[in-house]
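Asks: Give me a 3D structure for the following:
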Amino acid sequence: MTARTIKYSQRLGDILRCLPACKYLADQGHEVFFECFAQYHGVFEMTSYVKAGHRQGVTIDLEIWPDKYEEFIKSKKTWHDFVYSHHSIKDADKTNIVLDCLDKSPINGFPANYTLVAPFGISQSYRRNPLTIIQDACKEMGKDNIVVLCPPEVKIEGLATYTAPTISDMAKAIRDANELWAVNSSPIILASSVRRGKVSRFWGEKDEHKVQNVFEFEGLVSMD
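Replies: Numbers count the residues shown, from 1 in each chain. Predicted structure coming up:
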């Protein structure tokens, strides 16, 4: 079989959502590569069926931003329906993100029981106030039971925070939490793979931008 390269340069959550396409092509017997920025190559440490690579064999360009973004929003299709309408992957199980190489060991130093709050994002069109989500989590869960997933530049005094050194470590922190509270960003996409059946509270995008939200999965609780 000819090699296939999926091209999707940026946005960790979107790259994760392309993994079912990679799995589908691999199951057909293709050697599958993924062309993206180097900062996202850690994704492929969690998969056996696709690896980072650059335009080997037939290239399938799925990237929405910037060239297809206006078309995507006007289509009113969900992200998955729009991207997976490509003829090469239209029969893929588009909501099944398989991380078959993520090991089961927990992160050293994490508490046995915690709620992980992931209120930060980069690419949201409908912005949520991270402070409001953190405050609500503290009131309901108790601040001693909260760990806030933060980008490295964010510091929060009086609360436990965590900046994942690798994408695999972020996946583990999400997987092992009693509850996850998250906006529509890469943590909730990871949760769809590693937290099925466990409570994941979700603050999604609204109005015409809700088509960008994560797909429904067992355990997902919309807070709107």
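Asks: report the longest helix in the chain, please.
Replies: helix 130-141 (DSSP state H).
Asks: give me the number of residues near residue 189?
Replies: Residue 189: 22 surrounding residues under other Cβ atoms under 10 Å. Quick note: C-beta positions are derived from backbone N, CA and C, even for glycine.
Asks: before we move on, back to that, pull the residues that contact the longest helix of the chain.
Replies: Outside helix 130-141, the residues that touch it by Cβ atoms under 8 Å, 6 or more residues apart in numbering are 115, 117, 119-120, 146, 148, 156, 159, 179, 181, 183, 203.
Asks: Which strands and helices lie in contact with the helix or strand following that helix?
Replies: Remark: after helix 130-141, the chain's next helix or strand is strand 146-149, criterion DSSP states H and E. If you count contacts as 3 or more Cβ pairs under 8 Å, 6 or more residues apart in numbering; DSSP states H and E, strand 146-149 packs onto strand 115-118, helix 130-141, strand 160-162, helix 167-176.
Asks: Most neighbours of all the contacts of helix 130-141, which one?
Replies: In terms of neighbours by other Cβ under 10 Å, those top out with residue 117 at 30 neighbours.
Asks: what residues are up against it?
Replies: By Cβ under 8 Å, 6+ apart, the contact list for residue 117 reads 133-134, 137, 146-149, 180-182.
Asks: what's the span of stretch 209-224, first residue to last?
Replies: 14 Å (Cα to Cα, to the nearest Å).
Asks: again, but for stretch 135-151
Replies: With Cα to Cα, one end of stretch 135-151 sits 18 Å from the other.
Asks: one step back: pick the most buried one from the helices and strands packed on strand 146-149.
Replies: For those, the largest average neighbour count (mean count of other Cβ atoms under 10 Å) is found in strand 115-118, namely a mean of 26.
Asks: strands paired with that one, and their directions?
Replies: When sheet partners are counted by DSSP bridges, strand 115-118 sits next to strand 146-149 (parallel), strand 179-183 (parallel).
Asks: Let me know the angle separating the last one from helix 130-141.
Replies: Direction vectors for strand 179-183 and helix 130-141, defined by axes from the mean of the first three to the mean of the last three Cα atoms, to 10 degrees, enclose an angle of 160 degrees.
Asks: Pull the helix or strand just after strand 179-183 out as PDB, backbone CA atoms only.
Replies: Later in the chain than strand 179-183, the nearest helix or strand by DSSP H and E is helix 186-194. Extracted in PDB, the C-alpha atoms of helix 186-194 (Å, rounded to 0.1, in the frame of the first residue of the first chain):
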ATOM      1  CA  SER A 186      -7.200  20.100  23.800                       C
ATOM      2  CA  PRO A 187      -7.800  18.700  27.400                       C
ATOM      3  CA  ILE A 188     -11.500  18.000  26.600                       C
ATOM      4  CA  ILE A 189     -10.400  16.300  23.300                       C
ATOM      5  CA  LEU A 190      -8.000  14.100  25.300                       C
ATOM      6  CA  ALA A 191     -10.700  13.400  27.800                       C
ATOM      7  CA  SER A 192     -12.900  12.000  25.000                       C
ATOM      8  CA  SER A 193     -10.200   9.300  24.600                       C
ATOM      9  CA  VAL A 194      -9.000   8.600  28.200                       C
END
